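Student: Okay, predicted coordinates and the sequence, questions at the end:
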Amino acid sequence: MSDDDAQPPETGRLPTLEKRPGGGDGLRQSASAAAYTHHGDDGSSRRPWSARRVPAALVALVLLGALGLLLYDVAAVRAGRPAMAWRSWLARQLATRHLDSPWLLGAAVAAMLIGIWLIVLALTPGLRKVLPMRRTAPGIRACLDRSAAALVLRDRAMEVAGVQSVRMTVGRRRAKARAFAHFRELDEVRGDLGTALGDGLEQLGLAHGLHLTVDVRRPRNPKKG
């Protein structure tokens, strides 16, 4: 369902060529846009937390390898063998380099950035591509992919008379429709689109409201040969 948004490909359908009274004045319009607000519930449903399997596995493998290597070297030294070259080199560097050394400062900055990244992963839920849905029964939680929501809304928009093609974008807080109308007045098409998409958002059962923006334009005239 970018900070970062899912954008399904633009689709079109053949016009039905309906004619309505008074539609001729609308051909002089080039664009019509409006914004609507779809209200969800009280926000009790939240986005589920991601398992973070890949970051957790990488951190575990790095720590396991480093600790295993260090433990092996310590055991080897206790057994009377010389320490590994890397530990001797590291001890010598730490003993001789000053704290303002560029290498030490760079390593400290890298460790700080990695720590901040891990803290952000631990405190944020992730799964930014899904939208939580309203809970209709206790103990049941459901989410809807943003690309799937955009596909459903796009199909609803294509059912509006006068719409030739439409591109639907659904984000975490906003939904935007960019449509081309080949007949009817643009304001009428925009109003019908707003109603159809508002009903579609309501039927999706999302837990949080989305700000809906509808932009309707005339298709570009083909170049004359």
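Tutor: All right, it came through fine. The structure displayed is predicted, hence computed values, not measured ones.
Student: Pull the distance from stretch 54-65 to the chain's centre.
Tutor: Centroid separation for stretch 54-65 versus its chain: 26 Å, with C-alpha atoms, centre = their mean, to the nearest Å.
Student: Hmm, I typed the wrong one, I wanted stretch 180-194.
Tutor: For stretch 180-194, the distance to the chain centre is 29 Å (C-alpha atoms, centre = their mean).
Student: which parts of it are buried?
Tutor: 180-186, 188-194 (16 or more other C-beta atoms under 10 Å). Any C-beta I mention is one placed from the backbone N, CA and C, and that applies to glycine too.
Student: Also stretch 208-220?
Tutor: His208, Leu210, Leu212, Thr213, Val214, Asp215, Val216, Arg217, Arg218.
Student: Which stretches in this protein count as strands?
Tutor: 11-12, 31-37, 130-132, 143-145, 163-170, 174-181, 211-217 (DSSP state E).
Student: can you put the ones you listed in JSON lines and add distance to Pro82 and mean pLDDT?
Tutor: Listed next are those as JSON lines, based on distance: least, C-beta to C-beta, whole Å; pLDDT from 0 to 100:
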{"stretch": "strand 11-12", "distance to Pro82": "70", "mean pLDDT": "46"}
{"stretch": "strand 31-37", "distance to Pro82": "72", "mean pLDDT": "70"}
{"stretch": "strand 130-132", "distance to Pro82": "55", "mean pLDDT": "87"}
{"stretch": "strand 143-145", "distance to Pro82": "57", "mean pLDDT": "88"}
{"stretch": "strand 163-170", "distance to Pro82": "62", "mean pLDDT": "93"}
{"stretch": "strand 174-181", "distance to Pro82": "64", "mean pLDDT": "92"}
{"stretch": "strand 211-217", "distance to Pro82": "67", "mean pLDDT": "92"}
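Student: Dump those strands to TSV, plus distance to Val74.
Tutor: Putting those into TSV (distance: least, C-beta to C-beta, whole Å) gives the following:
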stretch	distance to Val74
strand 11-12	64
strand 31-37	63
strand 130-132	46
strand 143-145	48
strand 163-170	55
strand 174-181	56
strand 211-217	59
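Student: Can you get me the centre-to-centre distance for the longest helix seen in the chain and its chain?
Tutor: Scanning the chain for the helix with the most residues, using DSSP state H, yields helix 53-78. Centroid displacement of helix 53-78 relative to its chain, using C-alpha atoms, centre = their mean, is 35 Å.
Student: re earlier: out of the strands of the chain, flag the one nearest Leu61.
Tutor: Among these, strand 130-132 comes nearest to Leu61, with 27.7 Å by C-beta to C-beta.
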